[in-house]
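1. need coordinates for the following:
(one chain, ligands or ions: 1)
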Amino acid sequence: MTRFAYVNGRYEHHDMAAVSIEDRGYQFADGVYEVVAIWKGSAVDLKPHMDRLERSMSELEFRNTPERSSLGVIAKEVVRVNRVQTGILYIQINRGTAPRNHLFPAGEINCSVVMTVRHGLGPSVSEIQNGVTLKVQDDQRWQRRDIKSIGLLANVLAKQAAKSSGAFEALLIDPDGTVTESSAANVWLVDQDGTLVTRPLGSEILGGITRARVMSIASDAGYSTKEAVFTLDEVLSAREVFLTGTTTFVLPVVNVDHAVIANGHPGNTSCDLRDRYQSYLASLKPRPSWHVSE
Ligand code: PDD
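-> Coordinates of the predicted model:
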């Protein structure tokens, strides 16, 4: 099926769509992005994704940013023309196109905007049922991981190293020995008291939209939750470990650097939250219009 991408005001064939070689995303990774799940043809948690996108742009002092309402219209159209029912919407906004110069461009240039979609969403059935393995890696990213920057080289290297060693994902550790997150998901553990623990928001991690959703689903279901910093030792001695993210949903972790977590099988809490998150998705109604502010 033909795929279409949105690039700076035009809907183009996906394979032909391109930005200028002087786009600052290409030159400096001077851009931000969002990955939004599409479910029954509608965007999941679009408002918090848009909030985070606007925050990322504002933290990087982007000027002439696109209106939120226009982004909503484009997103809906890209999903519609590609007939995506279940998939991923990718939004990238860069500081714009200008002759290469580290300084922000002078004058009134517009941000560049790209949106693409992909069919299919979520981890494989075997990953969901059996859980996944992680490989410990030093966190080599920059100090502003709360900004969803397209500068992902350290994430790419960490994920590839994990994959090359046979693991599904990287478990990233800061120089102080604390766990930050994985290359593309937030990390949680269930401690020996049954409390769900995940790292507090701050510049060390991305504030995951799925993290927030799972936090609220877990509280509603009566679980005790805590935001706290934890170490690799605490991960290894946890009752359960799991990841959350737009592309991973709630994904149980059963092994870290060849050390088995608990009995090596996805734990009850992880499985319950995984099911509850999937029920949350299943409960969403297809929306005729895409409201970016609700
Ligand atoms: N990544 N932490 C990092 C470093 C991430 O890249 C992501 C998401 C998350 C989870 O955030 P959310 O729940 O909002 O998806 C946490 C996306 C999926 C990606 O880069 O493809």
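2. domain map for the protein?
-> Here the domain parsing of the chain from automatic domain parsing is 4-121, 125-281.
3. between the ones you listed, which gets nearest to His291?
-> domain 4-121 (7.0 Å; CB to CB). C-betas here are computed from N, CA, C, even on glycine.
4. end to end on the closest one, go ahead and measure it.
-> 18 Å (CA to CA, to the nearest Å).
5. residues contacting stretch 81-88, please?
-> 1, 3-4, 11, 35-41, 79, 117-121, 246-247 (CB atoms under 8 Å, 6 or more residues apart in numbering).
6. swap in stretch 103-115?
-> Counting by CB under 8 Å, 6+ apart, 5-8, 17, 19, 23-25, 31, 57, 61-66, 71, 74-75, 78, 89-98 sit against stretch 103-115.
7. quick check: residues of the stretch 51-200 of the chain near the ligand?
-> Within the stretch 51-200 of the chain, the positions adjacent to the ligand are Glu181, Ala184, Ala185, Asn186 by CB under 6 Å from any ligand atom.
8. which of those residues count as buried?
-> Listed as buried from those are Glu181, Ala184, Ala185, Asn186; burial here means 16 or more other CB atoms under 10 Å.
9. give me the phi and psi angles of the residue lying closest to the second one once chain neighbours are set aside.
-> What sits nearest to Ala184 in space, not counting adjacent residues and going by CB to CB, 6 or more residues apart in numbering, is Gly245, at 5.9 Å. Note on Gly245: its backbone torsions stand at phi -180, psi 160 [degrees, to the nearest 10].
10. can you show me the strands along the stretch 101-250 of the chain?
-> Remark: strands assigned in the stretch 101-250 of the chain by DSSP state E, counting those that start in this stretch are 112-119, 132-138, 169-173, 186-190, 196-198, 225-227, 240-245, 249-256.
11. from the ligand, how far out is the closest residue in space to Leu284 that isn't next to it in sequence?
-> Counting by CB to CB, 6+ apart, Leu284 lies nearest to Trp39, which is 5.8 Å off, once chain neighbours are set aside. Per CB to the nearest ligand atom, to the nearest Å, Trp39 is found 14 Å from the ligand.
12. name whatever forms a beta bridge with Trp39.
-> Judged by DSSP bridges, the bridge partners of Trp39 are Ser42.
13. give me the contact list for stretch 37-47.
-> Taking CB under 8 Å, 6+ apart as the rule, stretch 37-47 contacts 36, 49, 72, 75, 79-80, 84-89, 117, 121, 209, 213, 246-247, 281, 284-287, 290-294.
14. now restrict these to buried residues only.
-> 36, 49, 72, 75, 79, 84, 87-89, 117, 121, 209, 213, 246-247, 281, 290, 292.
15. now whatever helix or strand Tyr90 lives in, how far from the centre of its chain.
-> For Tyr90, the host element (DSSP states H and E) is strand 87-94. Relative to its chain's centre, strand 87-94 lies at 11 Å (CA atoms, centre = their mean, to the nearest Å).
16. same thing with stretch 229-243?
-> For stretch 229-243, the distance to the chain centre is 21 Å (CA atoms, centre = their mean).
17. over to stretch 263-278?
-> 20 Å.
18. stretch 202-209 now?
-> That offset, for stretch 202-209, works out to 10 Å (CA atoms, centre = their mean).
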